[in-house]
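In: predicted model and sequence below, questions to follow.
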Amino acid sequence: MGVKISPRLKVLRTNTVCVKCVIGFDIVIHSELWIKNLTNLQILFGARANQLYSTSLRSGSLNSIHEPSRKKAAEAALMELSSMLEFGEKGHGIGGNSSENEILALSKQQCTSAIEEVFEYTEMSKGNTVRHWWAGEHHESIKPDLSALESLRGTEWAWKSDSWCLDISGECKPSQGGWESSNGLRNFSPMRAYNSCHRFRRRRWFRQKAKTQDLGLDESCSDGSVTSFYQPLLQCSDKAARNSASMDRRKESEGSILDLAADDDSKEHLNLFFKVGDGAWGEPAKIPSSGAAHGILRIPASRWQELRESQRDEAVIIGNNLSLGLKGSSNVKFSKGSLSPRCYDISYRVNAMEGQWGELSRVLILYPRFFIRNESEKLYLDIKQAGAPDKTAMRLKPGSSRAFFWADSTLSELICVRPVRNMHVKNEECGHSWSGGFDISALGMIPLRIRSRADSKLTNSKVSSASVKVIRSLVELRSGTGGTGILISLKEELGNGEDSLYRIENQCPFPLWISQDGIDDKPDNNGDIILPDEKIPYGLDQPYRETKRGGRAVSLEHLLRARIGLAPLLSIDGIESTKVISLSNVEANLRLKPAKLRTFFDEDTIVDLMNVNVQCVVSSDGPTRVLSIS
């Protein structure tokens, strides 16, 4: 917290002079940083222990700031274990940076629910337990045991689940007590494997808690629960460091709570971490000691990012406390932690608060990085990550917008769209196939070709252009985000191509077939037919493609190369008559030879067509690029 003391002056007037006198002081208590979550996610705020505690407190290895009541319990556990815990590479030497680097939740949170976790460790020798202790994910971050954590009295939290669960994600099994093992305390397997011959074991206990007001409980301690924003617990410079520093440095340090006396890069930045639900902590937001800042965070939804979610649902397994080496005879639940492949891209900005507090306080605002807006007046749109299951898609009404998050962090970061009739259409009843995936971090406009499901199964050339829809995507930066926020606007183009980005006009007496060049999986191998005197919008079946070597994205100029012919493209006449033209180059032109259509015309007609050419020219019609065939 910051304190500003200003003298309160009063002017006293006499017969000759006016004198200003101090009649009191105005004391303003303020926070230098507030956190505001503008997403609909249950985001938990955290920071490393070395930025939350002074050096004197860190030496006590206190690692839970959820509740002040746990401090004495943690100190007691540390005193009890200090004589025998001598950790090192294989468990020796209690020093090191693990406890200081442990990420701890802040004392005040904006989210209404959170997951509390604690790890149980044992050291085995010849089948016997040599040492047993409770800690965080880092083995040196001593924590109280389950009985000490049971009471949440004096806090704004209450348990939402009725008991603690043992995490059996990965290769942990209930028959083995939910343990994972390793020969070294820093070498636990990402797959959480268990081997009875290993020296060290650990298992994760977790339990969900919620704000008392959300559970309908009356807790007198829930002060500040109506406050929208909460400040992190920030560390002032250590007194010893301030005393040894110069006077200028000391004044500067005392003038800002954000001027931290931490190690490494923390001297200039406060690193705040975030997680959602039972997921792991994401990347930190770097908060400078002064001024504004912008950035992007990625928060995983999975607690164990190397593990993948099982395809089958598994029921919660019930075990017995006695079989797990715990006191009492009540049952213990085994359950998997969050293994969702989702990840959340969050943008943040730090700036001065508006109004009179801007001089004293700054605010950290979190908001989704991607927003998708449906600008159609009649179409409902489904949007999902390319390659993800249909059940992960979100549906937008005309004129609406929503935040977008990745459904699977292992897939390419591309999205695809499709139109639907209304909000209640089931996935299997949708009449259109998904568009090709496109990159929503590449700024600009790109046309997406949408095909009906019936068309995607046809292999002949009788495909009507009326069945092809084109949706225009506009990717642009959102104002006020420092270049970190992105808005994707989607709108269908008219069937005649009058308002389209690219239009094909067939002004010759021959039907034409056209297809995007270089795509591997063509929705229609023979291309789309354009009848004489017909105009259609042109869209890309594959709006994103990588080079075969190097994996770099192909430029839009290459994607706009089109194959055009006077016959179905894979027929003999089509192969003979097809040429490639780029719609990105104005004044690009080519000539097609109708005389090569030998299966359509007899010899006399072919002779008459020897001097006939079909001219294809690319031109501009305002913002529309037009391919005219005459």
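Out: Happy to help now that I have it.
In: which residues in the chain form helices?
Out: 49-52, 55-58, 70-81, 98-101, 146-149, 239-244, 247-255, 453-456, 556-559, 572-577, 603-608 (DSSP state H).
In: give the rounded mean pLDDT of the longest one.
Out: Meaning helix 70-81. On average, the pLDDT along helix 70-81 is 46.
In: how about the last one?
Out: When pLDDT is averaged over helix 603-608, the result is 78.
In: and it, C-alpha only, in CSV?
Out: Taking Å, rounded to 0.1, in the frame of the first residue of the first chain, the C-alpha atoms of helix 603-608 are listed here in CSV:
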residue,chain,number,x,y,z
GLU,A,603,-12.7,-31.8,-86.5
ASP,A,604,-14.5,-29.2,-88.7
THR,A,605,-15.4,-27.1,-85.6
ILE,A,606,-11.9,-27.4,-84.2
VAL,A,607,-10.5,-26.1,-87.5
ASP,A,608,-12.9,-23.1,-87.2
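In: list of residues touching it?
Out: Outside helix 603-608, the residues within contact range by Cβ atoms under 8 Å, 6 or more residues apart in numbering are 595, 597-598. Where C-beta positions appear, they are placed from N, C-alpha and C, glycine not excepted.
In: out of these, which are buried?
Out: 595, 597 (16 or more other Cβ atoms under 10 Å).
In: how far away is the residue lying closest to S515 once chain neighbours are set aside from I27?
Out: The spatial neighbour of S515 that comes closest, neighbours along the chain excluded (Cβ to Cβ, 6 or more residues apart in numbering), is G527 at 3.7 Å. To I27, G527 is 77 Å away according to Cβ to Cβ, to the nearest Å.
In: tell me which of those two has more neighbours.
Out: Neighbours around G527 and I27, counted as other Cβ atoms under 10 Å, are more numerous at G527. The numbers are 25 against 9.
In: pretty sure the more buried one contacts G565?
Out: Yes. Using Cβ atoms under 8 Å, G527 is in contact with G565, at 7.2 Å.
In: common neighbours of the two, please.
Out: Common contact partners of G527 and G565 (Cβ under 8 Å, 6+ apart): 513-514, 574.
In: from those residues, which is closest to I415?
Out: Nearest to I415 among those is I514, at 25.4 Å by Cβ to Cβ.
In: got a pLDDT number for that closest one?
Out: 90.
In: is it bridged to anything, and to what?
Out: D528, I564 (DSSP bridges).
In: can you check G46 too?
Out: Bridge pairing for G46 - DSSP bridges - gives A105, F273.
In: I figured it hits V276, correct?
Out: No. In this structure, G46 is not within contact of V276 by Cβ under 8 Å, at 11.9 Å.
In: which one's more surrounded, the two?
Out: Regarding G46 and V276, a neighbour count based on other Cβ under 10 Å identifies V276 as having more, with 24 against 21.
In: give me the low-pLDDT residue ranges for the stretch 51-200 of the chain?
Out: 53-100 (pLDDT under 70).
In: now swap in the stretch 251-400 of the chain and tell me
Out: 251-268, 310-331, 356, 358.
In: go again with 80.
Out: For the stretch 251-400 of the chain, the stretches with pLDDT under 80 are 251-269, 309-332, 353-360.
In: quick one on the thing from earlier: closest to I450 out of the contacts of helix 603-608?
Out: Distance to I450 across the contacts of helix 603-608 (Cβ to Cβ) is lowest for L597, with 30.6 Å.
In: pretty sure that closest one contacts L566?
Out: Yes. In this structure, L597 is within contact of L566 by Cβ under 8 Å, at 5.8 Å.
In: can you list residues touching both of the two?
Out: 573, 577.
In: which ones are touching T481?
Out: By Cβ under 8 Å, 6+ apart, the contact list for T481 reads 294, 347, 349, 367.
In: go ahead and confirm the first one touches I346.
Out: No. Between H294 and I346 no contact is recorded; they are 11.9 Å apart, counting by Cβ under 8 Å.
In: the two - which one has more neighbours?
Out: Using other Cβ under 10 Å, the more surrounded residue of H294 and I346 is I346, with 28 against 16.
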